[in-house]
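1. sequence first, then the predicted structure:
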Amino acid sequence: MRTIYIADDGKEFDDKFECEHYEWVLNHQHLKNIKCYDKDDNELKDIMEEDTYYYCHKIIVPTDEAVKELSDLAHYTGYCYYSHITETGTWICEENGTDGKFVKVSD
């Protein structure tokens, strides 16, 4: 017996988690408008990737919808530093020892 999971858009998966993750991303389309950069100002392409979270130094959040979805992402993934971002604008990660916090630097 084989179980197939079908996302809302018809894409099929063999794994339930992969299907749920795919649907979550589909329902959060504003995340793709957020720009993330490392310390050398190189763009990090996928905000969902763990490496983006760990190496992100600057985030540009263009809309209120993107702010909300970034908060959703923080709760969904456990990427708690993203929860510091509460409004549109450019945010920089200020590091304090082993901890960091995003602070707003401009609109």
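-> The structure has been received and is ready for your questions.
2. every contact and neighbour count from this point should use C-alpha atoms.
-> Will do.
3. quick check, distance from the longest helix along the chain to the centre of its chain.
-> Of all segments of type helix in the chain, defined using DSSP state H, the longest is helix 64-77. Relative to the centre of its chain, helix 64-77 is centred 7 Å away, using C-alpha atoms, centre = their mean, to the nearest Å.
4. buried sites along that helix?
-> Glu65, Ala66, Val67, Lys68, Glu69, Leu70, Ser71, Asp72, Leu73, Ala74 (16 or more other C-alpha atoms under 10 Å).
5. same check on stretch 2-22?
-> Using 16+ other C-alpha under 10 Å as the burial criterion, the residues of stretch 2-22 that qualify are Tyr5, Ile6, Ala7, Phe13, Cys19, Glu20, Tyr22.
6. cool, stretch 53-60 as well?
-> Judged by neighbour count (16+ other C-alpha under 10 Å), stretch 53-60 contains these buried residues: Tyr53, Cys56, His57, Lys58, Ile59, Ile60.
7. next secondary structure element downstream of the helix or strand containing Cys93?
-> Following DSSP states H and E, one finds Cys93 within strand 89-96. Counting by DSSP H and E, the element after strand 89-96 in chain order, helix or strand, is strand 99-106.
8. strands paired with that following strand, and their directions?
-> Strands that pair with strand 99-106, judged by DSSP bridges, come out as strand 89-96 (antiparallel).
9. and the contacts of the strand it pairs with?
-> 56-62, 85, 100-107 (C-alpha atoms under 8 Å, 6 or more residues apart in numbering).
10. tell me the contacts of Tyr55?
-> Taking C-alpha under 8 Å, 6+ apart as the test, what Tyr55 contacts is Tyr37, Asp38, Lys39.
11. could you give the number of residues near the last one?
-> In terms of burial, Lys39 registers 12 neighbours under the definition other C-alpha atoms under 10 Å.
12. equivalent analysis for the first one, please.
-> By other C-alpha under 10 Å, 18 other residues sit near Tyr37.
13. once you drop chain neighbours, what's closest to it?
-> By the measure of C-alpha to C-alpha, 6 or more residues apart in numbering, the closest residue to Tyr37 outside its immediate chain neighbours is Glu43, 4.4 Å from it.
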